[in-house]
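# coords please:
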Amino acid sequence: MLTQRKALLLVTFVLLGCALLNTRWTRWLTRPITHTVNTLQYPADRFANLLRTDPAVEYTQVSDQAMEDLLAKAQKENDALWQENEKLREQINSFEAIVIQTDMTSIRLVEARVSRYNDDTLNPTMLIMRGSLHGLKQDDAVAFKSNLIGFVTDSVGPANATVSLITREGFSIGVQIKPPPKPDQVLPPGWPFKTRVKSDGEGAFFCVLAKSVAEGLRPGDYVRASDTIRESANGFMLGLIEKVEPAKEDPLNLSRVTIKPRTPIGPQRTVTVLTERND
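Okay, here's the model as predicted:
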């Protein structure tokens, strides 16, 4: 005789077996049950929704002008965050570029905000918001990313300093020239080529070489600082060779090599000063 307890045990074993078997073997049993449950559930849910009433939504009436003001405020805050994010990204890129090619055991990097830029032809300078309190000294190299842009002058105050830019007319520095780096590149004898370049006062640098020597140089070659006096700047990019052409002084025997900075010098928002560690 099938009692209620036996029926319950039978259903339990059937459901347990269905759970252990693959769905394709139990579909004939579970599909009708699922369909029946969904069919009975629908009218019950509908009837419950008819009996239940949702509370009224309370909201504050906001004018169109107020919404526009809120939107303008949000956009302003978003622009400020974007600028701050761009500044931080620029700072990180600058530090990474410097650390790659500079021994940091005796050098300390000091980030400085540019307060004022003077584009005078004879003496272009910038005023930075760091000074002796931050360890800055005369002749410290100033860079933007891995590009050399100037040197700290003797006008060093407690909280600010003046930087003389390398684009000033008559500025001269020793450099080394070599082709752009390539994977597994081995430079032949004579590279990197060392010489001295001068600023033309118009934002570029130049040197005059023997034509036979200049024939080995190509536009795009890297020109990096390599000076025995300004050692803190050594390794930093001065620029790329823009063109090699006959020199006006002696076009048959001499060539003029023009170097353009890789980045515009002067309109930077922040720069990095390399100064000696004092700790």
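# Only C-alpha atoms from now on, for both contacts and neighbour counts.
Fine.
# which one is residue 119 nearest to, not counting chain neighbours?
residue 125 (6.8 Å; CA to CA, 6 or more residues apart in numbering).
# On the strand side of things, show who the one you found bridges to.
residue 118, residue 164 (DSSP bridges).
# Next, count neighbours for it.
Using other CA atoms under 10 Å, residue 125 is surrounded by 24 other residues.
# cool, and residue 166?
27.
# Kindly report the same for residue 132.
14.
# Phi, psi for it please.
phi -60, psi -30 (degrees, to the nearest 10).
# For residue 210, see how far away residue 179 is.
According to CA to CA, to the nearest Å, residue 179 and residue 210 sit 19 Å apart.
# One more: residue 143?
From residue 143 to residue 210 the distance is 31 Å (CA to CA).
# Of these two, which one has the most company?
Taking neighbours as other CA under 10 Å, residue 143 and residue 210 compare with residue 143 leading, 24 against 16.
# distance of the more buried one from residue 270?
On the measure of CA to CA, residue 143 and residue 270 end up 9 Å apart.
# before we move on, what about residue 62?
Counting by CA to CA - residue 62 and residue 270 are separated by 43 Å.
# repeat for residue 235
From residue 235 to residue 270 the distance is 20 Å (CA to CA).
# hang on, the earlier thing: residue 62 and residue 270: which is more packed in?
residue 270 (20 against 8).
# what's that one in contact with, if anything?
91, 111, 112, 113, 114, 144 (CA atoms under 8 Å, 6 or more residues apart in numbering).
# Just the buried residues of the residues you listed.
91, 111, 112, 114, 144 (16 or more other CA atoms under 10 Å).
# I figured the fourth one hits residue 129, correct?
Yes. In this structure, residue 114 is within contact of residue 129 by CA atoms under 8 Å, at 6.4 Å.
# Fine, thanks again, bye for now.
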